[in-house]
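Engineer: Generate coordinates for the sequence data below:
(chains A and B, ligands or ions: 1)
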Amino acid sequence: MPESAFTRQAYGETLVELGRENPDIVVLDADLSRSTMTKLFAREFPDRFFDCGIAEQNMVSIAAGLAASGKIAFASTFAVFMPGRCFDQIRMSIAQPGLNVKLVASHGGISVGEDGFSHHAIEDLSLIGSLPGFTVIVPADAIETARAVRAAAENYGPFYIRLCRPKTPLVYSKDYRFNLGKAVTLREGGDACVVAIGLMVSAALEAAENLKSSGIECRVLNMPTIKPLDEAAIADAAAKTGAIVVAEEHLEHGGLGSAVARVIARRQPVPVEFIAIKDTYAKSGKPAELLEQYGLTAKDIEQAVRKVVKRKVG
Amino acid sequence: MPVSEVRKLISVTSAKKVNAEVFSSTASVAELEMLAKKVRRHIVSMIGKAGSGHPGGSLSAVEIVTALWFKVMRHKPQDPCWPDRDRFILSKGHAAPLLYAVLAECGYFPVEELLTLRQPDSRLQGHPDCTVTPGIEISAGALGQGLSFAVGVSLAGRLDGRGYGVYVLLGDGECDEGQVWEAAMAAAHFKLDNLVAVVDNNGQQIDGWNRDVMNLEPFNEKWAAFGWQVIEVEGHDFSQLLPALDRARLVKGQPTVVIAHTVKGKGVSFMENNPDFHGKAPDTEEVAIALRELQ
Ligand SMILES: Cc1ncc(C[n+]2csc(CCOP(=O)(O)OP(=O)(O)O)c2C)c(N)n1
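Structural biologist: Numbering: from 1, shown residues only, chains lettered A, B, ... in the order given. Now for the predicted structure:
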C-alpha cells in the first residue's frame, strides 16, 4: 500500500506557509475550521481569520468584499454547501466581477461516508464549472493539494479547489511541480486512456496495473485542473490511444466526463466510457463500501477500459 | 493572471492619478434640493428613454444617495479606485439609474452618457456592473448580498488601518432576505464601526406594502437587537440626513443603520406610493408630465 495523507491537512499547512509569506492572505470559514483545517491558519493568524458562523452565503460575499479591497481571500466549508448553497452569491460577487477569492471546499464526493446524502457533494463540479471565469481544481493527493493551493494564491482570479474527507494515497513525490491548467501523464500506454481526478487517480493507476496482465496498456492522465481544461492532452490521448475512460467522484452529469466528452466530440471522436455516479443520491456507509456500491473502484475502471477497448473500430 | 502582473497594472493606473482631487461641494441645503430635482429628472429621462427600469425605488432614495456622494463621502471622481475612498455599495441594485445620475453629476462620466442606459454597448447596464462602470464597487441586482460584501470591505479597511467608511444602501423589502440578517449579525460581531447601512424605508416592495407582503416590524428593534446603533430620519430631508450620516461614524465598536423614511416614486405625483411604477418605465407623455412636475 502506498503512503496516504489528508488533502485538507495539506491545505491547512499550506495556508499557514502562505500566511507567513504574504500579509494579504485572509481566511474565512463557516464553523467547520476543525474539519476544513483552516484552524491551523486561525491559530497562527487570528487577526486574519474570520469565522462567519453557520452562514455560508454571508461568508462568500464577505470574502468577495475582502478580495475587492486587495486581499487574497480563502473561504472554506464542505463542498456540498459551497457552490450549492452559495451559488448566487458566488455568481454575483465572485465570478462576474472576477475577484480574487479562493473557495476551497473539503469533503467532496461520497467518500464523506456515513453522514449520508446531505453531506455528499456530487453536484459541486457541475455547479461551479458552469460559472464563467472560475478555475476549478481537484487535486489527486496531499502533495498536489499543497501545490494547487499555492498556485491559487499566486494567480489572480476566482478559484475552486475540491478536497476530500478521507486520506488519499500519495500519487506524487515531494519534488512534484504543479502546472496550472495542464494534465499530468502518470503512466504511458497505447490501448486506452483513463482521465481521472481526485481519489480516482490512484484507482486508475491500480486499474492500469491490473490490465497489464490482459495485454491492455493503459495511459493514465491526471487532470487536476478541470477548468480550463487541457484540451490538447485529451485530444492527444484520444488520437494516440483511440479510447477514453473518464473517472470522477461526482455525478456523471456536468462533471469532468461531460467536459472531456465535449472536447472529444469536437476534436477527436473516439469511444468514451464514464465512471461516475449515475443520476442518484448515495446512502450512508463506509467510504470504501460506498465507492464500491456506486461503481467508483479500480475494478469498475478496469471493466470500463475493457468495454471501451472493445468499442474501438478497426 | 499572476498577482504580480495585476499589481503592476494597478500601480500604473493609480500612478497617473496622483493629482486627482478629493471631491468637495459647497452646496447649501437649498442647492442640494435643486440638485436632487435634477437627479430625479435624469432618472425619469433615462428610464423613459430606455423603455424599462425601476423608477419608484430610484426616486425614493435620491436625497440619501445625493447626500452621501456630495457631502458625506470622501472620493475622487478622477480616481475611482483611490484606496482611501469611502465606499458606497448599492445593495438594492435596481436603483442603478439613481446611482448613475449621481455619479455623472459628481464627474465620474459625462452626463450625456446617462441616456445610454440599458443599451447594449453602454457602460450603464440595467443593474450595476462593477466591471464596466467607474464608481461601482460591486455588481448587484440579486438582492440581499450587498451588506455582506460591505462587511468584507469594512474588515479589509480595518486590517489595513485605512480610515474609510463603508456605506450600503438597502431596500426595506430587501430585508426579507435572510442574508441581510446574517450580515447584520456579523457586522455587530466584528464590531464594524466603519460600516453604515442606510435603509430606503419606502414601505413598499413589488407586490405591495411590506406589511402585507412580509411584515418587517418591529424593524428598528430588529436592528437594535442585532447590535446596531439605530438612527431614524425623514429620508427626503437633507437637514436630517446630513447630521445623521455624520453621527453614524462617531459611535465606536458598533455598526450604524440609518432608517430613512421615504416615499416610493417621490417627486412624481402619479408614481408616488404606486407599486405599478416599481419596475415600469413612464411613456413619452408620462415623462413630459413628470419632468414638468420636477422643474
Ligand atoms: C434575490 C432577488 N429576488 C427578487 C428580485 C426581484 N426584485 C427586484 S426589486 C424587488 C423588490 C425590492 O423591494 P425593496 O427592497 O423595498 O426596494 P424598493 O421598494 O425600494 O424598490 C424584487 C423582489 C431580485 N432582484 N433579487
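Engineer: Quick one: the helices in the stretch 151-300 of chain A, in order.
Structural biologist: For the stretch 151-300 of chain A, the helices defined by DSSP state H, counting those that start in this stretch cover A:200-212, A:231-241, A:256-267, A:287-293, A:298-311.
Engineer: Among those helices, which comes closest to A:L103?
Structural biologist: helix A:256-267 (17.9 Å; C-beta to C-beta). In this view, the C-beta of every residue, glycine as well, is placed from N, C-alpha and C.
Engineer: Domain-wise, how is chain A divided?
Structural biologist: A:4-169, A:184-309 (automatic domain parsing).
Engineer: Excluding chain neighbours, give the residue nearest to A:K71 in space.
Structural biologist: A:V26 (4.7 Å; C-beta to C-beta, 6 or more residues apart in numbering or on different chains).
Engineer: which secondary structure element contains that neighbour?
Structural biologist: Taking DSSP states H and E as the definition, A:V26 sits inside strand A:25-29.
Engineer: Which positions in the following helix or strand past that strand come out as buried?
Structural biologist: Next helix or strand after strand A:25-29 toward the C-terminus (DSSP H and E): helix A:33-36. For helix A:33-36, a neighbour-count test (16 or more other C-beta atoms under 10 Å in any protein chain shown) marks A:33, A:35-36 as buried.
Engineer: cool, and stretch A:262-276?
Structural biologist: A:263-264, A:268, A:270-276.
Engineer: Then stretch B:49-65?
Structural biologist: The neighbour-count criterion (16+ other C-beta under 10 Å) identifies B:49-50, B:53-65 as the buried residues of stretch B:49-65.
Engineer: Can you narrow the residues you listed down to the ones near the ligand?
Structural biologist: B:56-57, B:60 (C-beta under 6 Å from any ligand atom).
Engineer: Now render these as JSON lines, adding secondary structure.
Structural biologist: Conversion of those to JSON lines gives the following (DSSP: H, G, I helix; E, B strand; the rest coil):
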{"residue": "B:G56", "secondary structure": "helix"}
{"residue": "B:G57", "secondary structure": "helix"}
{"residue": "B:S60", "secondary structure": "coil"}
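Engineer: quick one: contacts for B:S45?
Structural biologist: B:114-115, B:287, B:291 (C-beta atoms under 8 Å, 6 or more residues apart in numbering or on different chains).
Engineer: Assign it to helix, strand or coil.
Structural biologist: Classified using three-state DSSP, B:S45 is helix.
Engineer: Identify the residue spatially nearest to B:G265, adjacent ones excluded.
Structural biologist: B:M271 (3.0 Å).
Engineer: With B:R162 instead?
Structural biologist: Distances taken as C-beta to C-beta, 6+ apart place B:D84 nearest to B:R162, at 5.7 Å, with adjacent residues excluded.
Engineer: Need the pLDDT of that neighbour.
Structural biologist: Looking at B:D84, its pLDDT stands at 97.
Engineer: Give me the distance between it and A:S69.
Structural biologist: B:D84 is 11 Å from A:S69, where distance means C-beta to C-beta, to the nearest Å.
Engineer: In terms of neighbours, single out the busier of these two.
Structural biologist: A:S69 (25 against 13; other C-beta atoms under 10 Å in any protein chain shown).
Engineer: Around the ligand, which positions in chain B sit nearby?
Structural biologist: B:56-57, B:60, B:92, B:94, B:141-144, B:171-174, B:200, B:202, B:204-206, B:264, B:278.
Engineer: If we use 8 Å, what do you get?
Structural biologist: Taking C-beta under 8 Å from any ligand atom as the measure of proximity, chain B contacts the ligand at B:54, B:56-58, B:60-61, B:92-95, B:127, B:141-144, B:170-177, B:200, B:202, B:204-207, B:210, B:262, B:264, B:278-279.
Engineer: those strands in the stretch 1-150 of chain B, which residues are they?
Structural biologist: B:87-90 (DSSP state E, counting those that start in this stretch).
Engineer: per-residue confidence for the closest residue to chain B within the stretch 201-314 of chain A?
Structural biologist: Closest to chain B within the stretch 201-314 of chain A is A:P228: 13.1 Å, counting by C-beta to the nearest C-beta. At A:P228, the model reports a pLDDT of 98.
Engineer: what do you get for A:V313?
Structural biologist: 79.
Engineer: can you confirm it is in a strand?
Structural biologist: No - under three-state DSSP, A:V313 falls outside any strand and is assigned coil.
Engineer: Residue ranges in the stretch 201-314 of chain A under the pLDDT threshold?
Structural biologist: A:314 (pLDDT under 70).
Engineer: now do 80
Structural biologist: A:313-314 (pLDDT under 80).
Engineer: just chain B next, same as before
Structural biologist: Using pLDDT under 80, chain B drops low at B:1-18.
Engineer: What residue in it comes nearest to chain A?
Structural biologist: Residue of chain B nearest chain A, by C-beta to the nearest C-beta: B:G152 (2.1 Å).
Engineer: Which elements pack onto the strand or helix carrying that residue?
Structural biologist: B:G152 belongs to helix B:146-159 when assigned by DSSP H and E. Identification of packing neighbours for helix B:146-159 by 3 or more C-beta pairs under 8 Å, 6 or more residues apart in numbering or on different chains; DSSP states H and E yields strand A:25-29, helix A:56-68, strand B:87-90, strand B:166-171, helix B:178-189, strand B:195-201.
Engineer: winner for burial among the ones you listed?
Structural biologist: helix A:56-68 (a mean of 30; mean count of other C-beta atoms under 10 Å in any protein chain shown).
Engineer: Now the element after that helix, going C-ward?
Structural biologist: strand A:72-78.
Engineer: is that next one up against chain B anywhere?
Structural biologist: Yes - counting by C-beta under 8 Å from any C-beta of the partner chain, contacts between strand A:72-78 and chain B involve A:72-73.
Engineer: contacting residues around B:K280?
Structural biologist: B:52, B:55.
Engineer: residues touching the closest residue in space to B:M46 that isn't next to it in sequence, list them.
Structural biologist: Nearest non-adjacent residue to B:M46, counting by C-beta to C-beta, 6+ apart: B:L117, 4.4 Å away. For B:L117, the contact set (C-beta under 8 Å, 6+ apart) comprises B:46-47, B:49-50, B:53, B:97, B:100, B:124, B:126.
Engineer: and A:A247, how many residues sit next to it?
Structural biologist: Neighbour tally, A:A247, other C-beta under 10 Å: 32.
Engineer: Tell me the strands beside the strand holding A:V26, with direction?
Structural biologist: Applying DSSP bridges, strand A:25-29 is found paired with strand A:49-51 (parallel), strand A:72-78 (parallel).
Engineer: Mean pLDDT and mean neighbour count added to these, as TSV?
Structural biologist: Shown next, in TSV, are these (pLDDT from 0 to 100; neighbours: other C-beta atoms under 10 Å in any protein chain shown):
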stretch	mean pLDDT	mean neighbour count
strand A:49-51	98	22
strand A:72-78	98	28
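Engineer: Tell me how far A:I25 lies from A:T14.
Structural biologist: Distance from A:I25 to A:T14, by C-beta to C-beta: 10 Å.
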